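>>> Next come a sequence and a model predicted from it.
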Amino acid sequence: MEEFDYIIIGAGSAGCVLANRLSANPKIKILLLEAGGKDINPWIHIPGGYFKTMHNPTTDWCFKTEKDPGLNYREMNFPRGKTLGGSSSINGMLYIRGQSNDYDYWRQLGNVGWSWEDVLPYFKKSEDNQLGEDDFHGVGGPLKVEKMRASFKVLDLFMEAAEEFGYQKTSDFNTGNNEGMGYFPLNVRNGFRCSTAVGYLNPIKKRKNLKILTNAHIKSIKFENKKAVGINYWKNNQLLMAKTNKEIILSAGTIGSPHILQASGIGPGDLLKKNNINVIKDHFSVGKNLHDHLMLRPVYKVKNLDTLNNIYHSYYRKIITGLNFFLFKKGPLAVGASYLCGFIKSDEHLDTPNLQFHVSPASTDFLGKTTLHSFPAFTPTITNLRPTSRGSIELKSSDTRIPPKIQMNYLSTDEDKEIASKAIKITRNIVMNSKAFKKYDPEELRPGIHINDTKTLTREAGKYANTIFHPVSTCRMGNDEKAVVNDRLTAHGLENLRIVDASIMPHITSGNTNAPTIMIAEKAADMIIADSKS
């Protein structure tokens, strides 16, 4: 049984950051474990390969949610990265921090050191921004941020149409005020994906004090009198152990971290006993408070406009698209999940935007199916940034290799239904009633222009809605008795255990969650180093 100072469980968006920062001290011995494999699949690194890595069992855990009443009782695919870099290796590469109010709210909840003023230096520390350094952006960090390398006229028209209704353009979503419309900044370096594995892990993976294990699946964390002392893990079907002298850092993500805690005896007592797990700490909140951004996916057909649908159904244009990427690192293969971003308010009386657009120049019926529609169309996806619906993660077995129960409960509150209805109507107004789109004869394919009442509109939108891959908060940070970790990210009521990933967010940020997760890990690394000296 090997001994390490720190054992990091999960080499994902947070784990790779921690491995980089902590191993900078050659006196500290670190073990980094990843249940997935190495990030050698070439589609990981080509931005347009995003659609080849999701729902692919070699790179994605391919989780499924429980049947959800809010989504027409559908099971839903729930991708999570199964490789070095975790979900940063299969996500859309969209670099969005959220709003300053998000972090000031975290601080208002009692979490010292988590205001916008506190976290901004860590966003800057992580960043190598193509546009250079200023009050809000950094250069020289491990995470490259570049401008979009593709555009479509249909997207520019959407911005023009939005301006007609008072939604202005912006050149920077990451100053703390993200209101406006513009193209997404991307975590891309010279045309290729810049995951945390690429940016943080690759440059330092040969450090002698860092041991990296892939295909190492955690069975449980070992405790002695509520003190984390080691781990049990499977490697090549062999059960092995490792011991820690300082801390175990759980960075397995919003799904994985509560799942591992529960399998280790930390969680709702009745659930653990039901699965024959010895209860170390009866903690009702482990796995609770799960929430996510749900994307509503209206589709609009257009005439005489080029979209990705046209390219997809043309063998010749596919070849040209491939050449454009490999020769110039431009075009659709240089883009991941989406192109055009927008933050707007569903109500003019709101202080900050509560809706986000991810506008794609393509359309399909269900995500996960690669076939695009045969006619030109686009999808102005829109999501409620502050959902009130809450779900949970619960293990189904003491064996962590069996996926947990993921219950999302999307659109389960009246507030979420009302905002969903408003979001669809706002989108409809921009496309169907603007001068910009008029000559292109737009047609609302989904949900249907005739549907106007909130109940029916929400029900129809839910039939095609999908996760936008931002689950958070299952190991919530706070200083109340229901919180799982404190504002130093150490687990309440336990020793030598820290949780560092999106699961600790007290509340979801107003936008994409990968950049905030990386920030959390940067800040945690400094806290771990400081605490080790005290």
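That came in fine, so what should we check first?
>>> Can you identify each of the helices in the stretch 401-534 of the chain by residue range?
Using DSSP state H, counting those that start in this stretch, the helices of the stretch 401-534 of the chain run over residues 414-432, 435-438, 454-464, 514-533.
>>> The stretch 101-250 of the chain now?
In the stretch 101-250 of the chain, the helices defined using DSSP H, counting those that start in this stretch lie at 116-126, 153-164, 196.
>>> chain center to the last one, what's the gap?
I take that to be helix 196. Taking Cα atoms, centre = their mean, to the nearest Å, one finds the center of helix 196 at 13 Å from the center of the full chain.
>>> In terms of secondary structure, what does that helix contact?
Secondary-structure packing of helix 196 (3 or more Cβ pairs under 8 Å, 6 or more residues apart in numbering; DSSP states H and E): helix 15-22. Where C-beta positions appear, they are placed from N, C-alpha and C, glycine not excepted.
>>> for the helices of the stretch 401-534 of the chain, which one sits closest to Tyr316?
helix 435-438 (28.0 Å; Cβ to Cβ).
>>> What residues sit buried inside that closest one?
By neighbour count on 16 or more other Cβ atoms under 10 Å, the buried set for helix 435-438 is 436-437.
>>> State the distance from the residue nearest to Lys455 when sequence neighbours are not counted to Ser346.
In space, and not counting its chain neighbours, Lys455 is closest to Lys417: 7.6 Å by Cβ to Cβ, 6 or more residues apart in numbering. As judged by Cβ to Cβ, to the nearest Å, Lys417 and Ser346 stand 12 Å apart.
>>> Same check on Lys439?
To Ser346, Lys439 is 29 Å away according to Cβ to Cβ.
>>> Check Glu460 too.
The spacing between Glu460 and Ser346, counted by Cβ to Cβ, is 18 Å.
>>> for His358, same thing?
His358 is 16 Å from Ser346, where distance means Cβ to Cβ.
>>> Show me which of those two is the more surrounded one.
Using other Cβ atoms under 10 Å as the criterion, His358 and Ser346 rank with His358 on top: 23 against 20.
>>> Just the pLDDT at the nearest residue to that one once chain neighbours are set aside, thanks.
Closest residue to His358 apart from its sequence neighbours, by Cβ to Cβ, 6+ apart: Ser338 at 3.9 Å. At Ser338, the pLDDT value in this model is 92.
>>> helix/strand/coil for Ser338?
coil (DSSP: H, G, I helix; E, B strand; the rest coil).
>>> where does this structure have low pLDDT?
368-370 (pLDDT under 70).
>>> Would you mind measuring from the residue lying farthest from the centre of it to Lys153?
Largest separation from the mean C-alpha position in the chain: Lys439, at 37.2 Å (Cα atoms, centre = their mean). Relative to Lys153, Lys439 is positioned 12 Å away (Cβ to Cβ).
>>> swap in Ala530?
With Cβ to Cβ as the criterion, Ala530 and Lys153 are 52 Å apart.
>>> Compare those two (neighbour count), which wins?
Lys153 (13 against 10).
>>> wait, isn't that one in contact with Val302?
No - if you go by Cβ atoms under 8 Å, Lys153 and Val302 don't touch, sitting 10.0 Å apart.
>>> and the residue nearest to His358, how many neighbours?
Number of residues near Ser338 (other Cβ under 10 Å) recorded here: 26.
>>> Make sure it is actually in contact with Ser360.
Yes - if you go by Cβ under 8 Å, Ser338 and Ser360 touch, sitting 5.2 Å apart.
>>> shared neighbours of those two, which are they?
Residues within reach of Ser338 and of Ser360 at once, by Cβ atoms under 8 Å, 6 or more residues apart in numbering, are Thr381.
>>> Check the helices of the stretch 101-250 of the chain for me and report the most buried one.
Highest mean neighbour count among those (mean count of other Cβ atoms under 10 Å): helix 196, with a mean of 33.
>>> Tell me the bridge partners for Arg384.
Residue 384: Asn, not Arg. Beta-bridge partners for Asn384, by DSSP bridges, are Leu355.
>>> contacting residues for it?
Counting by Cβ under 8 Å, 6+ apart, Asn384 makes contact with 293-294, 346, 354-355, 416, 419-420, 423.
>>> Tell me the one of these nearest Leu385?
Set against Leu385, the nearest of the contacts of Asn384 by Cβ to Cβ is Asn354 (5.1 Å).
>>> Near the closest residue to the closest one other than its chain neighbours, how many residues? Count them for me, please.
What sits nearest to Asn354 in space, not counting adjacent residues and going by Cβ to Cβ, 6+ apart, is Leu385, at 5.1 Å. The local packing count at Leu385 equals 22, with neighbours defined by other Cβ under 10 Å.
>>> and Leu385, what does it touch?
293, 343, 353-356, 508, 510-511.
>>> Then Ala515?
95-98, 123, 126, 174.
>>> Quick check: the gap between it and Tyr122.
Applying Cβ to Cβ, the value for Ala515 to Tyr122 is 10 Å.
>>> How about the contacts made by the nearest residue to Gly49 once chain neighbours are set aside?
Take Gly49 and drop its neighbours on the chain: the residue closest to it by Cβ to Cβ, 6+ apart is Trp43, 3.1 Å away. Applying Cβ under 8 Å, 6+ apart, we find Trp43 in contact with 49, 52-53, 56, 59.
>>> Mind checking which of those residues land in helices?
Counting by DSSP state H, the part of those found in helices is 52-53.
>>> just checking, Ile382 touches Lys425?
No - contact criterion Cβ under 8 Å: Ile382 and Lys425 do not qualify, at 10.4 Å.
>>> what about Val302, neighbour count?
21.
>>> Look up how far Asn310 lies from it.
Taking Cβ to Cβ, one finds Val302 at 11 Å from Asn310.
>>> Common neighbours of these two, please.
Jointly contacting Val302 and Asn310 under the rule Cβ under 8 Å, 6+ apart are Pro376.
>>> Would you point out which residue is most central in this protein?
Note on the chain: the residue nearest the mean C-alpha position is His470, at 4.0 Å, using Cα atoms, centre = their mean.
>>> That residue is in contact with Met295, isn't it?
No - His470 sits out of contact with Met295 when judged by Cβ under 8 Å, with a separation of 9.5 Å.
>>> Enumerate every residue touching Val302.
Residues near Val302 by Cβ under 8 Å, 6+ apart: 154, 376-378, 437, 440-443.
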